[in-house]
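**Student:** Here is a sequence together with a model predicted from it:
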Amino acid sequence: MALVPVPLPQFSASSIFQTRLNSFSRPSLSAKNTFPKHLVITSRANTRKESAKVRNRRLQRKFNGTSAKPRLSVFCSTKQLYAMLVDDQNKKCLFYGSTLQKSIRDNPACSTVEAAQRVGEELVKACIDLKINEISSYDWNGFSRGERMEAFEIAISQHGFLPR
């Protein structure tokens with residue numbers, strides 16, 4: 001079998017970089033294409049997480065915690081739960097508790113759901129020590145109420161601290 005030389009195609013610089021030498025070329029109008037195509041505008045829908053973030057920022061502006069009525073903020077990651085009592089006027093954290101704290105987790109050893117319930121109990125004790133009778137708002141950051149959140153909420157609502 002013999003090799004036959006094939007000529008290489010010749011390209012100009014304008015065809016490679018898709019530039020035109022003439023400045024403007026007008027497409028010809030035919031009888032059927034007298035109307036332009038309809039312009040379709042699509043909007044980007046917010047995902048559920050983005051909507052929760054926007055909603056949370058709006059609620060934080062509306063409900064500001066004070067030292068007498070702090071805001072309860074809860075963050076729930078894939079494995080742990082973190083809770084804070086926040087005084088927004090003085091920009092202070094009055095209580096912080098998480099399922100990672102050794103004082104909550106080790107005495108006796110427990111699962112994260114039981115640790116979340118203990119965080120709620122510690123929060124109630126801290127509210128009693130700080131003479132807090134009411135919480136201004138419950139900021140759960142748009143997280144779904146899983147087992148840990150439910151255990152935490154049950155411990156708080158038994159003492160009447162969960163605003164609903």
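**Tutor:** In hand now; what should we look at?
**Student:** quick check: longest helix of the protein.
**Tutor:** Longest helix in the chain, counting residues (DSSP state H): helix 112-129.
**Student:** mind saving the C-alpha coords of that helix as PDB?
**Tutor:** Once non-C-alpha atoms are left out, helix 112-129 reads as follows in PDB (Å, rounded to 0.1, in the frame of the first residue of the first chain):
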ATOM      1  CA  THR A 112     -25.200  13.400  68.800                       C
ATOM      2  CA  VAL A 113     -29.000  13.300  69.200                       C
ATOM      3  CA  GLU A 114     -28.700  12.900  73.000                       C
ATOM      4  CA  ALA A 115     -25.900  15.600  73.000                       C
ATOM      5  CA  ALA A 116     -28.300  18.000  71.200                       C
ATOM      6  CA  GLN A 117     -30.900  17.400  73.900                       C
ATOM      7  CA  ARG A 118     -28.200  18.200  76.500                       C
ATOM      8  CA  VAL A 119     -27.300  21.400  74.700                       C
ATOM      9  CA  GLY A 120     -31.000  22.400  75.000                       C
ATOM     10  CA  GLU A 121     -30.900  21.600  78.700                       C
ATOM     11  CA  GLU A 122     -27.700  23.600  79.200                       C
ATOM     12  CA  LEU A 123     -29.300  26.500  77.300                       C
ATOM     13  CA  VAL A 124     -32.300  26.500  79.700                       C
ATOM     14  CA  LYS A 125     -30.000  26.500  82.700                       C
ATOM     15  CA  ALA A 126     -28.000  29.400  81.200                       C
ATOM     16  CA  CYS A 127     -31.300  31.300  80.700                       C
ATOM     17  CA  ILE A 128     -32.300  30.700  84.300                       C
ATOM     18  CA  ASP A 129     -28.900  31.900  85.500                       C
END
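**Student:** who's in contact with it?
**Tutor:** Outside helix 112-129, the residues that touch it by C-beta atoms under 8 Å, 6 or more residues apart in numbering are 72, 79-81, 83, 85, 94-95, 97-99, 101, 104-105, 110, 133, 135, 147-149, 151-156, 159, 161. In this view, the C-beta of every residue, glycine as well, is placed from N, C-alpha and C.
**Student:** list the buried ones in it?
**Tutor:** Neighbour counts using 16 or more other C-beta atoms under 10 Å place 112-124, 126-127 of helix 112-129 among the buried residues.
**Student:** immediately after that helix, which helix or strand?
**Tutor:** Using DSSP states H and E, the next helix or strand after helix 112-129 towards the C-terminus is strand 137-139.
**Student:** Direction included, what does that next one pair against?
**Tutor:** strand 71-76 (parallel) (DSSP bridges).
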